[in-house]
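Colleague: Here is my input; please provide its structure:
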Amino acid sequence: MIIKEQVKALWKICFEDSEEFVDMYFRLRYKTEVNVAIQSGDEVISALQMLPYPMTFCGETVQTSYISGACTHPDFRSKGVMRELLSQSFARMLRNGVHFSTLIPAEPWLFDYYKHMGYASVFQYSVKEITLPEFIPSKEITVDVVSEFQDTTYSYLNKKLSERSCCIQHSLEDFQVIMADLPISGGSIFVAKQANEIRGIVIIYRGESRIIINELLAEDKDAEHSLLHAIKQHTGCNRMTQLLSSDEKLPQHSLGMARIINAKEVLQIYASAYPEDEMQLEISDKQLSVNNGYYYLSKGKCRYSTERMPGAHISMNISELTERILKKLNPYMSLMLN
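Modeller: Predicted coordinates:
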């Protein structure tokens with residue numbers, strides 16, 4: 001049995017996804033070059049995929065690897081297999097020029113597990129409950145449900161997401177996967193147009209008792225109201241839950257985690273963006289020893305040394321450094337990641 005089929009079989013043992021979703025994932029998402037696996041003899045006992053996603057960060061676009069499908073066969077759990085698999089993945093990411101690794105823990109207890117592997121819980125989201133009032137949408141705006149991939153829809157989504165200062169982006173290939181997954185996951189995309197120009201887009205999923213608004217991107221209130229009205233007309237539901245980027249005025253929930261892979265490059269980009277933020281750091285990284293050392297941020301530059309220089313240093317592990325750098329930027333991760 002080839003590796004792909006073994007990984008697929010392991011996925012079915014470890015996760016409760018539908019056959020339709022698993023087939024879609026291994027048809028469109030899985031590639032040999034993004035898979036990392038550990039074998040016992042000829043059997044794959046642990047595997048994960050490192051899905052590439054660009055991310056806006058301090059005015060630049062950097063590369064991230066999103067950990068997907070991380071699983072270990074039940075017979076080999078609690079033996080350090082996943083720790084070894086992640087360590088191998090980090091080393092490969094570093095060689096491939098990746099700046100950050102990201103993931104969404106499948107269970108609450110996994111937040112602590114991944115923290116020990118250098119991740120920090122930095123992606124938060126807020127929730128707003130909406131009960132739609134009766135209103136008449138703009139007659140100049142038309143809203144359609146989009147069921148097939150369209151370049152114009154992707155271009156608009158990409159434009160709006162790239163405006164966010166620290167945000168995981170979606171590639172064109174990734175958006176095609178999202179479109180394929182929507183009917184499987186009970187989702188829909190609505191597009192608002194005025195004079196044949198896109199003015200807004202909303203991506204929804206059906207919850208048990210209400211509609212979940214995953215993304216709502218619009219140019220103005222008219223476009224937003226037209227999209228919400230179209231959802232109500234299409235679903236017959238006027239109660240909706242909207243997921244937003246972290247907002248201190250609303251309840252916040254943990255979503256995803258990130259880990260710095262290349263501390264030297266990340267800190268140089270950060271120092272250039274925040275020249276007023278001067279720090280002397282002593283960084284430790286149990287999985288990537290290349291990140292261990294002393295970092296000196298001053299006047300937009302980051303100097304690195306293996307030897308301690310005079311002055312007071314702030315000691316941090318890689319998880320603490322990731323949290324300090326990213327939480328300042330209020331990073332955003334979409335729930336559309338698979």
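Colleague: Pull the number of nearby residues for the closest residue to residue 187 other than its chain neighbours.
Modeller: For residue 187, the nearest residue in space outside its immediate sequence neighbours is residue 205; the separation is 4.5 Å by CB to CB, 6 or more residues apart in numbering. For the C-beta atoms, the positions are set from N, CA and C on the backbone; glycine is no exception. Other residues near residue 205 number 17, with proximity taken as other CB atoms under 10 Å.
Colleague: which residues in the stretch 101-250 of the chain form strands?
Modeller: With DSSP state E, counting those that start in this stretch applied, the stretch 101-250 of the chain shows strands at 120-131, 142-146, 167-168, 187-194, 197-206, 211-218, 239-245, listed in chain order.
Colleague: Need the winner for burial among the ones you listed.
Modeller: When the strands of the stretch 101-250 of the chain are scored by mean count of other CB atoms under 10 Å, the highest mean neighbour count falls to strand 167-168 (a mean of 23).
Colleague: quick check: mean pLDDT across it?
Modeller: Strand 167-168 carries an average pLDDT of 94.
Colleague: same check, this time on stretch 8-24
Modeller: Stretch 8-24 shows an average pLDDT of 96 in the prediction.
Colleague: Identify the residues contacting it?
Modeller: The contact list for stretch 8-24 (CB atoms under 8 Å, 6 or more residues apart in numbering) reads 1, 25-26, 30, 44-47, 69, 71-74, 106, 177, 180-181, 184-185.
Colleague: Compare the mean pLDDT across the strands of the stretch 101-250 of the chain and name the weakest.
Modeller: Averaging pLDDT over each of the strands of the stretch 101-250 of the chain singles out strand 239-245 as the lowest, with a mean of 88.
Colleague: Name the strands paired with that strand and say parallel or antiparallel.
Modeller: Here strand 239-245 is paired, per DSSP bridges, with strand 120-131 (antiparallel), strand 211-218 (parallel).
Colleague: Looking at those, spot the one closest to residue 143.
Modeller: Distances from residue 143 to each of the strands paired with strand 239-245 were compared using CB to CB; the minimum, 10.9 Å, belongs to strand 211-218.
Colleague: what angle sits between the closest one and strand 187-194?
Modeller: Regarding strand 211-218 and strand 187-194, their directions subtend 30 degrees when assessed with axes from the mean of the first three to the mean of the last three CA atoms, to 10 degrees.
Colleague: Extract the C-alpha set from strand 211-218 and format it as CSV.
Modeller: Extracted as CSV, the C-alpha positions of strand 211-218 are listed here (Å, rounded to 0.1, in the frame of the first residue of the first chain):
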residue,chain,number,x,y,z
ILE,A,211,-26.5,30.3,10.7
ILE,A,212,-22.8,30.8,11.3
ILE,A,213,-21.3,33.7,9.4
ASN,A,214,-17.7,32.7,8.9
GLU,A,215,-16.6,35.7,6.8
LEU,A,216,-18.4,38.9,6.0
LEU,A,217,-16.5,41.4,3.8
ALA,A,218,-18.3,44.4,2.4
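Colleague: Could you list the buried residues of stretch 26-36?
Modeller: 26, 28-30, 34-36 (16 or more other CB atoms under 10 Å).
Colleague: With stretch 170-186 instead?
Modeller: Taking 16+ other CB under 10 Å as the basis for neighbour counts, the residues of stretch 170-186 that come out buried are 170, 174-175, 177-182.
Colleague: do stretch 317-337 as well
Modeller: Buried residues in stretch 317-337, counting neighbours by 16+ other CB under 10 Å, are found at 317-327, 329-337.
Colleague: can you check stretch 272-283 too?
Modeller: Residues 274, 279-281, 283 are the ones in stretch 272-283 that count as buried (16+ other CB under 10 Å).
Colleague: Please identify which of these is nearest to residue 123.
Modeller: Using CB to CB, residue 274 is the member of these that lies nearest residue 123, at 20.2 Å.
Colleague: Around the closest residue to that closest one other than its chain neighbours, count how many other residues there are.
Modeller: Nearest residue to residue 274 in three dimensions, chain neighbours excluded: residue 58, at 7.6 Å (CB to CB, 6+ apart). Residues contacting residue 58 under the criterion other CB under 10 Å number 18.
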